[in-house]
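**Student:** predicted coordinates and the sequence they were generated for:
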Amino acid sequence: MNVYERTQQRLKTVFDRFDNVCVSFSGGKDSGVLLHLCIDYVRRKGLKRRIGVFHMDYEIQYRETIDYVDRMLSENADILDVYRICVPFKVQTCTSMFQQFWRPWEESKRENWVRRMPDGCFRREDFPFFNETMWDYEFQNCFEEWLHQRKKAGRTCFLIGIRTQESLNRWRCIYSDRNHHRFDGLRWIRQRVGAAICNAYPLYDWLATDVWTANGRFGWPYNRLYDLYHMAGVPLDSQRVASPFISPAIANLHLYRTIDPTMWGRMIGRVNGANFAALYGKTAAVGWQSARLPQGLTWERYMRFLLSTLPEQTRRNYLEKLSVSIRFWRDKGGCLTDATIAKLRQAGVRMEIGDKSNYSRDKKPVRMEYLDDINIPEFNQLPTFKRICICILKNDYACKYMGFSPTKGERLRRRKIMEKYESLLRIREGEGIPEPCI
């Protein structure tokens, strides 16, 4: 079977096993094809049921994306329950050293909104769990429980259009069993709250070429922004629809000036540092391409200089990440291949090599001190002060370039949110009023 035929089988599983199905729709190529597949499946099978559509409207987006979202939702209104979210949650921004987040649809910034709030959207007052401390990803988690309870569903499935081709993290989302539970043994359906709420990834084995083949073969409408990306010379694997101020999007932020100049004129007055990031987002000035070391400095001294220019809270964040990383490499060690270890030996790096690791079967744990820099292809796997400098230049507060995942505190916060809403799901009608999620 080809990927389309396999996906038809997966959709049959979803619609047979779950009475409440909701598609996460961003307006991008993957979520667009996923929504088309679901709409087509329901219509062809003559199913007497509706599909939920969860769309987080981040206020600032290309006009082409907004038009595509509007068209998809309006043309299929007969079978869609639309949840268009216009809520001022916190959204990461990498355009400023002084501001770690911005808020779409923030009421106090109403005069600076880049466009009018769409009709029929869901606002902050519609969600009892929302408060000012909530990030966008936390909102998504709480929304799933909220919708499950609102629909009084037996089982709810959220369909998410991610493909393992796009990144290692997405591959791990499907194939890793750490902190995840498969539904009925299926790797592409993951349980979140028992078997009551699940996330499913029916497109996980599709390639980008499969997505465009489906659009062409079935004549499905798609986001015409991708045509403009192609005309602008953006590589196929870099053509993504996302919040414009996160780290992966900064390198292409300048395209707003050409593709959507009206939106660009409004957004530079909406989010701090947008103009600077557009000018220098692809340069060494913000850590892209080759970061350059000022003459007479080591990378460690350069890091100290960069930290001295930052606000106190931001500086503490980077120092805490650095401290955690230093302790990790000194006490536990990172997992490296034999080939990488051989290159480190050849470079004269002092290290202690363990026999086995709980994290990898084909790599060995290597304990070592932080290096200033090292010129080998595996640079991005090793602890160097140059890497932390690049994080600072990119305004990468989470230090993803250093390999950091969410902290223990962030994971604990998310777990408390899940436990709170899991208990609310058991509240029978009339027994009480659910309290806010946080």
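**Tutor:** All right, it came through fine.

**Student:** need the contact partners of the strand ranked longest in the chain.
**Tutor:** Ordering each strand of the chain by length in residues (DSSP state E) puts strand 186-193 first. For strand 186-193, contacts defined as C-beta atoms under 8 Å, 6 or more residues apart in numbering pick out 10, 13-14, 141, 144-145, 148, 157, 173-175, 180-183, 197-202, 204, 418, 421-422, 425. Just so you know, the C-beta spots here come from the backbone N, C-alpha and C atoms, and that holds for glycine as well.

**Student:** now intersect these with the strands, please.
**Tutor:** 157, 181, 182, 183, 197, 198, 199, 200.

**Student:** got CSV for the residues you listed, with distance to residue 69, neighbour count and pLDDT too?
**Tutor:** Below are those laid out as CSV (distance: C-beta to C-beta, whole Å; neighbours: other C-beta atoms under 10 Å; pLDDT from 0 to 100):
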residue, distance to residue 69, neighbour count, pLDDT
157, 22, 25, 96
181, 32, 12, 83
182, 32, 13, 86
183, 29, 21, 87
197, 25, 26, 92
198, 25, 25, 93
199, 21, 20, 93
200, 21, 24, 95
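
**Student:** will you turn the residues you listed into JSON lines that also has distance to residue 4?
**Tutor:** Shown next, in JSON lines, are these (distance: C-beta to C-beta, whole Å):
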{"residue": "157", "distance to residue 4": "20"}
{"residue": "181", "distance to residue 4": "28"}
{"residue": "182", "distance to residue 4": "23"}
{"residue": "183", "distance to residue 4": "22"}
{"residue": "197", "distance to residue 4": "27"}
{"residue": "198", "distance to residue 4": "22"}
{"residue": "199", "distance to residue 4": "21"}
{"residue": "200", "distance to residue 4": "17"}
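
**Student:** which one of these is nearest to residue 317?
**Tutor:** Closest approach to residue 317 among those (C-beta to C-beta): residue 199, at 29.5 Å.

**Student:** dump the residue contacts of the closest one.
**Tutor:** 157, 158, 160, 189, 190, 192.

**Student:** with adjacent residues omitted, what lies nearest to the fourth one?
**Tutor:** So the one you mean is residue 189. The shortest distance from residue 189 to any residue other than its chain neighbours is 3.9 Å, reached at residue 183 (C-beta to C-beta, 6 or more residues apart in numbering).

**Student:** wait, that neighbour touches residue 195, no?
**Tutor:** Yes: if you go by C-beta atoms under 8 Å, residue 183 and residue 195 touch, sitting 6.3 Å apart.

**Student:** what sits up against stretch 222-230?
**Tutor:** Outside stretch 222-230, the residues that touch it by C-beta under 8 Å, 6+ apart are 27-29, 32-33, 62, 64-65, 67-68, 215, 239, 241, 255, 259.

**Student:** repeat the analysis, applying 6 Å as the threshold.
**Tutor:** For stretch 222-230, the external contacting residues (C-beta atoms under 6 Å, 6 or more residues apart in numbering) are 27, 32, 62, 64, 65, 68, 215, 239, 259.

**Student:** which phi and psi values does residue 80 adopt?
**Tutor:** Main-chain dihedrals, residue 80, degrees, to the nearest 10: phi -110, psi 140.

**Student:** that one bridge partners, please.
**Tutor:** residue 51 (DSSP bridges).

**Student:** quick check: it vs residue 184, distance?
**Tutor:** 27 Å (C-beta to C-beta, to the nearest Å).

**Student:** who has more neighbours, the two?
**Tutor:** Per other C-beta atoms under 10 Å, whichever of residue 80 and residue 184 has more neighbours is residue 80, with 21 against 10.

**Student:** model confidence score at the more buried one, please.
**Tutor:** Note for residue 80: predicted pLDDT of 97.

**Student:** again, but for residue 246
**Tutor:** In this model, residue 246 carries a pLDDT of 65.

**Student:** and what of residue 333?
**Tutor:** Residue 333 is given a pLDDT of 89.

**Student:** neighbours of it, just the number please.
**Tutor:** For residue 333, using other C-beta under 10 Å, the count is 19.

**Student:** can you check residue 160 too?
**Tutor:** The burial count for residue 160: 24, using other C-beta under 10 Å.

**Student:** residue 242 now?
**Tutor:** 14.

**Student:** check residue 237 too.
**Tutor:** 9.

**Student:** quick revisit: for the contacts of residue 199, which one is nearest residue 234?
**Tutor:** Closest to residue 234 out of the contacts of residue 199 is residue 160 (23.8 Å), distances taken as C-beta to C-beta.

**Student:** backbone phi and psi for the residue lying closest to the closest one once chain neighbours are set aside, please?
**Tutor:** Sequence neighbours aside, residue 24 is the residue nearest to residue 160 in space, at 4.9 Å (criterion: C-beta to C-beta, 6+ apart). Backbone torsions of residue 24, given as degrees, to the nearest 10, read phi -80, psi 120.

**Student:** let me know whether residue 24 touches residue 55 as I believe.
**Tutor:** No: Residue 24 is not in contact with residue 55 according to C-beta atoms under 6 Å; the separation is 8.0 Å.

**Student:** now do the domain split for the protein, please.
**Tutor:** 3-218, 225-286, 299-393 (automatic domain parsing).

**Student:** not counting sequence-adjacent ones, nearest residue to residue 36?
**Tutor:** Nearest to residue 36 is residue 220, by C-beta to C-beta, 6+ apart, at 4.6 Å.

**Student:** looking at this, the one you found is in a strand?
**Tutor:** No: counting by DSSP: H, G, I helix; E, B strand; the rest coil, residue 220 is located in no strand; its state is coil.
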